[in-house]
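Visitor: let's see this in three dimensions:
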Amino acid sequence: MKLSDCCHGSFVGICYGRNADDLPPPDKVSQLVQDHKIKYVRIYDSNIQVLKSFANTGVELMIGIPNLDLLPFSQFQTNADTWLRNNILPYYPATKITYITVGAEVTESPENISSLVVPAMTNVLAALKKAGLHKKIKVSSTHSLGVLSRSFPPSAGAFNSKHAHFLKPLLEFLAENQSPFMIDLYPYYAYRDSPTKVSLDYALFESSSEVIDPNTGLLYTNMFDAQIDAIYFALTALNFRTIKVMVTETGWPSKGSPKETAATPDNAQTYNTNLIRHVINETGTPAKPGEELDVYIFSLFNENRKPGLESERNWGIVYPDLTNVYSLDFTGRGPVDMTADANATSSTSNGTKWCIASSNATQLDLQNAINWACGTSGNVDCTAIQPSQPCFEPDNLVSHASYAFNSYYQQNGASDVACSFGGTGVLVYQDPSMFISHHLTNLLFLFSVFFVYLSSRQLLHTFFRFKYVYGPCYNIFHLSLLFL
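Guide: From the prediction side, this is the model:
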């Protein structure tokens, strides 16, 4: 889902891991990726059949050199040259390869292989230079968040000193060659391991409250941004200010062990949908507003051969039989429908819905939600509900929140997850303009009974004048009628 080419803007891609049985052949996977309008794919090796399957599709590939191959790549330049000649050049440029990852999360490896990474990267880059491809294919390596010794508050982000011997030459390589620092981020783990310290809404991009960095005063509404900024602050602390950050894995599992209660299809869909929308809206992070950020969702398929807890085998958005684990719109604009038993949620003939404030929400929760929606996170233009503006009346939080909620909901694809607001938003299936007309008619009748001195002509004149002046605010005003 590319926004543009040069100075391309943020994009969202997918990780195509193959540690599973009964996966479809690469040509069917390639078609699946195109059907989902995904333009960026990460694979973890340089499998020839996979490379062939993406030829002439326009899909851009990030390919990998596994940790097991780091030793030969680091020892001899000829090994890198031969690999490039046999595994890449025969398929390029028909298959668009844009990144090569050399090693993956090496600081998590039980073997002491981190010292092999930069020499291997150097040899791969040298091979690319010989082929004239070093400006078209970037070289880097991926890392887990464990590369940091501290990530909270974000401004205190710092690399673990025990990795200094590895990180210093790595960062120098990235800065010199304008390659990104690649990080695998999982807010799911932060919540799973510390549920009393990290709220589920904060991990899912659903929080209506904010976490304040005491050192900078920056406000964070989600864990993802906080983790990204911790990396940026760690880079800045070592005076590497020009290196960009790229998220090479992030996601949420749809199933887990009995203790992993947050691993559900609903939460997985919510996280990834909000992530996509957050990235393509170009909001950046509190420390880097508007900064481009490229992200790869993990992953395309559930991988049943992966060891560990049940969640490790359930990160995919698609089953091997090519049916959806849950629906996910990679454009970030269309509606997202739950699979299977949640197909028909709307009572209207055309499926149109509106998002309004819940009558059960507290005043504090509504105010926090309004602040979020009308702030830099929600990016809703709330001018109309300011004093003396057309939608200021009725002057109450329910009405103002409904305006802000529905504006955010409509401009973010009218997806169910865009009407959460920490539980203060609810969906309605009746056009508020029809609703208001119905209730105003009833009110007119009551007024005519109790205020006989007002002619029905005058009341109708007032009604139509209201419709003309406050038409855009129907979805606010009808809420006040609910509470009459």
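
Visitor: only C-alpha atoms from now on, for both contacts and neighbour counts.
Guide: OK.

Visitor: identify the residue nearest residue 363 in space, chain neighbours excluded?
Guide: residue 397 (6.9 Å; CA to CA, 6 or more residues apart in numbering).

Visitor: could you do residue 119 as well?
Guide: Residue 119 sits nearest to residue 74 (CA to CA, 6+ apart), 4.8 Å away.

Visitor: what's in contact with the helix or strand harbouring that neighbour?
Guide: If you go by DSSP states H and E, residue 74 is part of helix 70-75. By CA atoms under 8 Å, 6 or more residues apart in numbering, the residues outside helix 70-75 that reach it are 79-80, 102-103, 113, 116-121, 123-124.

Visitor: any buried residues in it, and which?
Guide: Neighbour-count burial for helix 70-75 flags 70, 73, 74 (criterion: 16 or more other CA atoms under 10 Å).

Visitor: for it, give the mean pLDDT please.
Guide: Looking at helix 70-75 alone, the average pLDDT works out to 97.

Visitor: now for whichever helix or strand comes after that helix, which elements pack on it?
Guide: Elements were assigned by DSSP H and E; along the chain past helix 70-75, the next helix or strand is helix 77-83. Other helices and strands packing on helix 77-83, by 3 or more CA pairs under 8 Å, 6 or more residues apart in numbering; DSSP states H and E, are helix 70-75, helix 117-130.

Visitor: so which of the contacts of helix 70-75 sits lowest on pLDDT?
Guide: Comparing the contacts of helix 70-75 by pLDDT, residue 113 comes last, at 94.

Visitor: so how far is residue 324 from it?
Guide: Residue 113 is 38 Å from residue 324, where distance means CA to CA, to the nearest Å.

Visitor: could you do residue 197 as well?
Guide: Taking CA to CA, one finds residue 197 at 33 Å from residue 324.

Visitor: tell me which of the two has more neighbours.
Guide: Taking neighbours as other CA atoms under 10 Å, residue 197 and residue 324 compare with residue 324 leading, 17 against 9.

Visitor: residue 208: which of the helices and strands packed on helix 77-83 is closest?
Guide: helix 117-130 (41.7 Å; CA to CA).

Visitor: what lies in contact with stretch 269-277?
Guide: Contacts for stretch 269-277 (CA under 8 Å, 6+ apart): 12, 203-205, 251-252, 297, 326-333, 412, 417-418.

Visitor: confirm for me that residue 372 is in contact with residue 378.
Guide: Yes: the pair residue 372 / residue 378 is scored as a contact, 5.8 Å apart, by CA atoms under 8 Å.

Visitor: ok, back up a step: list just the nearest of the buried residues of helix 70-75 to residue 23.
Guide: Out of the buried residues of helix 70-75, the member with the shortest distance to residue 23 (by CA to CA) is residue 70, at 27.2 Å.

Visitor: buried residues in the longest strand along the chain?
Guide: Across the chain, the strand with the greatest residue count (assigned by DSSP state E) is strand 96-104. Within strand 96-104, the residues that qualify as buried by neighbour count (16+ other CA under 10 Å) are 96, 97, 98, 99, 100, 101, 102, 103, 104.

Visitor: and what of stretch 183-190?
Guide: Neighbour-count burial for stretch 183-190 [16+ other CA under 10 Å]: 183, 184, 185, 186, 187, 188, 190.

Visitor: pull the CA atoms of it into CSV?
Guide: C-alpha atoms of stretch 183-190 as CSV (Å, rounded to 0.1, in the frame of the first residue of the first chain):
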residue,chain,number,x,y,z
ILE,A,183,13.2,-2.9,15.0
ASP,A,184,10.6,-5.6,15.8
LEU,A,185,8.0,-4.1,18.2
TYR,A,186,5.3,-6.0,20.1
PRO,A,187,3.1,-4.0,22.4
TYR,A,188,1.3,-7.3,23.0
TYR,A,189,4.2,-8.6,25.0
ALA,A,190,4.4,-5.4,27.1
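
Visitor: what segments of the stretch 251-400 of the chain are helices?
Guide: 265-280, 363-374, 397-411 (DSSP state H, counting those that start in this stretch).

Visitor: residue 50 is nearest to which of these?
Guide: helix 265-280 (24.9 Å).

Visitor: which of the residues in that closest one are buried?
Guide: In helix 265-280, counting by 16+ other CA under 10 Å, buried: 265, 267-280.

Visitor: can you show me the CA trace of it as PDB?
Guide: C-alpha atoms of helix 265-280 as PDB (Å, rounded to 0.1, in the frame of the first residue of the first chain):
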ATOM      1  CA  PRO A 265      -9.300 -12.300  16.900                       C
ATOM      2  CA  ASP A 266     -11.000  -9.100  18.100                       C
ATOM      3  CA  ASN A 267      -7.900  -7.700  19.700                       C
ATOM      4  CA  ALA A 268      -5.700  -8.800  16.700                       C
ATOM      5  CA  GLN A 269      -8.000  -7.100  14.300                       C
ATOM      6  CA  THR A 270      -8.300  -4.000  16.400                       C
ATOM      7  CA  TYR A 271      -4.500  -3.600  16.900                       C
ATOM      8  CA  ASN A 272      -3.600  -4.100  13.200                       C
ATOM      9  CA  THR A 273      -6.500  -2.000  11.900                       C
ATOM     10  CA  ASN A 274      -5.600   0.900  14.200                       C
ATOM     11  CA  LEU A 275      -1.900   0.400  13.400                       C
ATOM     12  CA  ILE A 276      -2.500   0.600   9.600                       C
ATOM     13  CA  ARG A 277      -4.600   3.700  10.000                       C
ATOM     14  CA  HIS A 278      -2.100   5.300  12.300                       C
ATOM     15  CA  VAL A 279       0.800   4.700   9.900                       C
ATOM     16  CA  ILE A 280      -0.900   5.800   6.700                       C
END
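
Visitor: the spatially most central residue of the chain and residue 252, how far apart?
Guide: Central residue of the chain (CA atoms, centre = their mean): residue 275, 1.2 Å from the mean position. Distance of residue 275 to residue 252, given as CA to CA: 11 Å.

Visitor: repeat that for residue 393.
Guide: 41 Å.

Visitor: higher neighbour count, those two?
Guide: For the pair residue 393 and residue 252, the greater number of neighbours falls to residue 252 (30 against 19), based on other CA under 10 Å.

Visitor: any idea of the pLDDT on the more buried one?
Guide: Predicted confidence (pLDDT) for residue 252: 98.
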